[in-house]
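S.K.: What follows is a protein structure lacking sequence information:
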């Protein structure tokens with residue numbers, strides 16, 4: 001249920017433990033992370049995930065979060081606030097992404113957050129990429145990080161001490177509908193999705209020393225045929241990725257359609273497969289580290305970095 005990561009900072013003498021909670025209020029899931037810093041060591045722990053489907057609610061309800069869904073949000077946030085209080089957290093942070101950002105009544109969520117003592121921000125795509133970079137790297141320099149969610153795609157990297165990011169408001173759900181669902185072959189998907197990515201990511205770094213992908217375990221398991229065990233990071237090579245893509249290229253149109261009908265999480269797996277291959281090719285990486293890091297961990301890292 002929990003996954004942990006540790007980041008070292010220079011310790012201050014006689015430093016008291018500091019504890020903080022953080023929430024990713026995503027379009028599909030809410031994710032809860034608890035962090036603490038003791039003697040310069042930042043540790044983050046995934047407490048759990050909860051599917052609320054805010055993005056679907058906003059899309060199907062004329063841009064609004066309805067009363068029943070709002071009550072679910074209130075209960076979810078309040079429950080985690082109580083959890084953090086019981087563990088002695090000094091602060092609880094939250095980052096809301098595209099679904100709440102696009103909701104016409106997002107102010108109600110802000111009001112709720114203020115009422116229960118939650119420090120909440122509504123992040124644009126660039127900010128989401130920045131926080132994702134911190135979650136994946138702990139602030140280490142010269143990395144490339146990608147994160148594809150249900151409603152948006154982010155790419156972030158470090159350059160001369162600054163985190164740069166690019167984001168498009170198109171996630172794997174719309175990518176699947178646009179470039180996979182009606183395609184008759186993988187090559188058709190790759191060609192059309194690749195042109196779309198070229199148009200949106202015209203500049204990408206070429207000399208980063210590591211490529212890290214968030215939220216890509218489903219894709220990795222599909223490529224390798226191995227289920228994830230525990231919470232350790234995995235490495236996905238471009239060789240294995242291309243091997244799987246070669247297999248898929250051999251499928252006839254009817255076989256490709258059968259795959260789409262039977263593959264679990266197909267709306268994420270096939271777009272993600274093409275996206276990772278595209279990024280490796282564009283940036284010259286032969287492999288990517290598939291990490292268990294979650295977006296709220298980036299908020300926690302940033303919080304402790306700012307406090308010193």
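M.R.: Received the coordinates, thanks. All values derive from a computational prediction rather than experimental measurement.

S.K.: Contact partners for residue 220?
M.R.: Applying CB atoms under 8 Å, 6 or more residues apart in numbering to residue 220 gives the contacts 228, 234, 236, 290. Glycine gets a C-beta too; all of them are placed from N, C-alpha and C.

S.K.: Roughly how far does residue 263 sit from residue 155?
M.R.: Note on residue 263: its distance to residue 155, by CB to CB, to the nearest Å, is 25 Å.

S.K.: So which of those two has more stuff around it?
M.R.: Each of residue 263 and residue 155 had its neighbours counted (other CB atoms under 10 Å), and the higher figure belongs to residue 155 (27 against 14).

S.K.: list the helices and strands the helix or strand that the more buried one is a member of packs on?
M.R.: Secondary structure assignment for residue 155, by DSSP states H and E: strand 153-159. Using 3 or more CB pairs under 8 Å, 6 or more residues apart in numbering; DSSP states H and E as the contact definition, the elements that strand 153-159 packs against are helix 125-137, strand 143-148, strand 162-168.

S.K.: can you pull out the helices in the protein?
M.R.: Residue ranges of the helices in the chain, as given by DSSP state H, are 54-60, 67-86, 98-102, 106-116, 125-137, 172-175, 186-200, 217-224, 238-249, 253-262, 266-283, 295-307.

S.K.: Give me the distance from the strand holding residue 155 to the chain's centre.
M.R.: When distances are taken as CA atoms, centre = their mean, to the nearest Å, strand 153-159 is centred 12 Å away from the chain's centroid.

S.K.: quick one: the most centrally placed residue in the chain from residue 181, how far?
M.R.: Centrality entry for the chain: nearest residue to the mean C-alpha point is residue 147, 4.5 Å, by CA atoms, centre = their mean. Look at residue 147 and residue 181: by CB to CB, they are 23 Å apart.

S.K.: Surely residue 158 and residue 143 touch.
M.R.: Yes: checked against CB atoms under 8 Å, the pair residue 158 and residue 143 is within contact range at 6.2 Å.

S.K.: what do these two both touch?
M.R.: Residues touching both residue 158 and residue 143 (CB under 8 Å, 6+ apart) are 133, 137, 208.

S.K.: Would you show me how to pick out the buried ones of these in PyMOL?
M.R.: Command for PyMOL, covering only those of the shared contacts of residue 158 and residue 143 found buried under the criterion 16 or more other CB atoms under 10 Å:
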select buried, resi 133+137+208
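
S.K.: Turn the shared contacts of residue 158 and residue 143 into TSV, columns for pLDDT and distance to residue 115.
M.R.: Formatted as TSV, the entries for the shared contacts of residue 158 and residue 143 read as follows, by pLDDT from 0 to 100; distance: CB to CB, whole Å:
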residue	pLDDT	distance to residue 115
133	96	31
137	94	34
208	95	42
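
S.K.: Specify which member of the shared contacts of residue 158 and residue 143 is nearest to residue 167.
M.R.: Within the set of these, residue 133 lies nearest residue 167; the separation is 11.9 Å, counting by CB to CB.

S.K.: So in terms of bridging, what pairs with the closest residue to that closest one other than its chain neighbours?
M.R.: Counting by CB to CB, 6 or more residues apart in numbering, the nearest residue to residue 133 once its immediate chain neighbours are dropped is residue 156, at 4.0 Å. Each beta-bridge partner of residue 156 is listed here, defined by DSSP bridges: residue 145, residue 165.

S.K.: and residue 61, what are its phi and psi?
M.R.: Main-chain dihedrals, residue 61, degrees, to the nearest 10: phi -120, psi 40.

S.K.: residues near it, how many?
M.R.: Residue 61 has 14 neighbouring residues, counting by other CB under 10 Å.

S.K.: And it, how close does it get to residue 87?
M.R.: 35 Å.

S.K.: which regions of the stretch 151-300 of the chain sit below the pLDDT cut-off?
M.R.: In the predicted model of the stretch 151-300 of the chain, residues 229-231 satisfy pLDDT under 70.

S.K.: can we see that at 90?
M.R.: 151-152, 159-161, 169-171, 173, 202-203, 206-207, 215-218, 224-233, 264-265, 292-293 (pLDDT under 90).

S.K.: Kindly report the same for the stretch 1-150 of the chain.
M.R.: By pLDDT under 90, the weakly predicted segments of the stretch 1-150 of the chain are 1-17, 38-40, 90, 97-98, 125-126, 148-150.

S.K.: related to what we said a few turns ago, pretty sure the residue nearest to residue 133 is in contact with residue 165, am I right?
M.R.: Yes: when contacts are counted by CB under 8 Å, residue 156 is listed as touching residue 165 (3.8 Å).

S.K.: overlap in contacts of the two?
M.R.: When CB under 8 Å, 6+ apart defines a contact, the residues bordering residue 156 and residue 165 alike are 129, 130, 132, 133.

S.K.: Let me know the closest of the residues you listed to residue 297.
M.R.: Among the shared contacts of residue 156 and residue 165, residue 132 lies closest to residue 297 (CB to CB), at 9.5 Å.
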